[in-house]
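Visitor: Predicted model, plus sequence, below.
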Amino acid sequence: MKHILLLLFVFTSLARANAIGSQYQEQADAGDARAQYYLADTYFSSGDSQKAAQWAEKAARGGDVDAMALLSQIHFTQGDYVQAKALAQQANIAGSKRGAIMLARVLVNTQAGNTDYPKAIALLQTATEDLDSDSAVDAQSLLGLIYANGVGVAQDDAKAAAWFKRSSSLSRTGYAEYWAGMLFQQGEKGFITPNKQKALYWLNLSCTEGFDTGCEEFDALSGE
């Protein structure tokens, strides 16, 4: 019986340790705005937009500007481009690199209204400067995608590859190229039109860079 109780205790402890955002929960409950933002971001990454929005709103009210950018991203994924743009503009003005990236995403998407590629590129180039931030990874990836897409700017695969490589060097080799390949395969309404040849090109490059999932996706798409 003691062994069973011990096992139950161990499994319960592991479940708690693995609970979404458990490392931030206590501080978030205590009103720490930054912890609330991290908790919101963790929920968003796990696919729970409702809880992500709840905690992001609390964090934003507490003065966390990145939480405002996260709210913009949540609205963007839900198709509310007007609110997404307004929040991204506020976050960017307040100094959030994530806000700058979100504003750039809105500015290159026709669903949000008239596009402004020069401003989007300027915002992203500024966001790439802080190499210790995750924002640099995202900004470089989006810059690469803009040049690979060739809408609003001339298509430049060499420039795209350079930005992807810089992004991947800060995260995982071949990942940015994989991300581009998957976006060209699936498309993004208002921004990326599905293009099998472009998808294959970037997935193949991801594979060449040594990213195994890129190889798997390239093989799967090649066989279609």
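Guide: Yes, it's here. Residues are numbered from 1 along each chain as shown.
Visitor: What distance do you get for G47 to T77?
Guide: 10 Å (C-beta to C-beta, to the nearest Å). The way it works is simple: take the backbone N, C-alpha and C, and place the C-beta from them, glycine included.
Visitor: same question, A120
Guide: In this structure, A120 and T77 are 18 Å apart, going by C-beta to C-beta.
Visitor: the more surrounded of the two?
Guide: The residue with more neighbours, out of A120 and T77 and counting by other C-beta atoms under 10 Å, is A120; that gives 24 against 11.
Visitor: for the helix or strand harbouring that one, packing partners?
Guide: Applying DSSP states H and E as the criterion places A120 in helix 117-127. Here helix 117-127 is seen to pack against helix 97-107, helix 134-149 when contacts are counted using 3 or more C-beta pairs under 8 Å, 6 or more residues apart in numbering; DSSP states H and E.
Visitor: Just the residues contacting it, thanks.
Guide: With contact meaning C-beta atoms under 8 Å, 6 or more residues apart in numbering, helix 117-127 is reached by 92, 97, 100-101, 103-105, 107-108, 135-136, 138-140, 142-143, 146, 152-153.
Visitor: what do you get for stretch 26-34?
Guide: Contacts made with stretch 26-34 from outside it, assessed by C-beta under 8 Å, 6+ apart, are listed as 21, 35-36, 38-39, 55, 58-59, 62-64, 67.
Visitor: Recalculate using a threshold of 7 Å.
Guide: Contacts made with stretch 26-34 from outside it, assessed by C-beta atoms under 7 Å, 6 or more residues apart in numbering, are listed as 35-36, 39, 55, 59, 62-64.
Visitor: would TSV of the residues you listed with neighbour count, pLDDT and distance to K159 be doable?
Guide: Compiled in TSV, those are given as follows (neighbours: other C-beta atoms under 10 Å; pLDDT from 0 to 100; distance: C-beta to C-beta, whole Å):
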residue	neighbour count	pLDDT	distance to K159
A35	22	96	39
Q36	28	96	38
L39	27	96	37
W55	26	97	38
A59	28	97	36
G62	15	96	40
G63	11	96	38
D64	24	97	34
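Visitor: Tell me the one of those residues nearest A158?
Guide: Nearest to A158 among those: D64, at 38.4 Å, using C-beta to C-beta.
Visitor: hmm, back to that, same list as before, the helices and strands packed on helix 117-127 that is, but in TSV and with mean pLDDT, distance to T128 and mean neighbour count included.
Guide: Rendered in TSV, the data for the helices and strands packed on helix 117-127 read as follows (pLDDT from 0 to 100; distance: least, C-beta to C-beta, whole Å; neighbours: other C-beta atoms under 10 Å):
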stretch	mean pLDDT	distance to T128	mean neighbour count
helix 97-107	97	9	27
helix 134-149	95	5	23
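Visitor: Including distance to M182, could those go into CSV?
Guide: Compiled in CSV, those are given as follows (distance: least, C-beta to C-beta, whole Å):
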stretch, distance to M182
helix 97-107, 16
helix 134-149, 11
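Visitor: among these, which is nearest A88?
Guide: A88 lies closest, by C-beta to C-beta, to one member of the helices and strands packed on helix 117-127: helix 97-107, at 4.0 Å.
Visitor: Only C-alpha atoms, please: export the closest one in CSV.
Guide: Extracted as CSV, the C-alpha positions of helix 97-107 are listed here (Å, rounded to 0.1, in the frame of the first residue of the first chain):
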residue,chain,number,x,y,z
LYS,A,97,10.1,44.3,-30.1
ARG,A,98,7.3,41.7,-30.2
GLY,A,99,5.0,44.6,-30.9
ALA,A,100,7.2,45.8,-33.8
ILE,A,101,7.1,42.3,-35.3
MET,A,102,3.4,42.0,-34.9
LEU,A,103,2.9,45.5,-36.5
ALA,A,104,5.1,44.3,-39.4
ARG,A,105,3.0,41.2,-39.8
VAL,A,106,-0.2,43.3,-40.0
LEU,A,107,1.4,45.7,-42.5
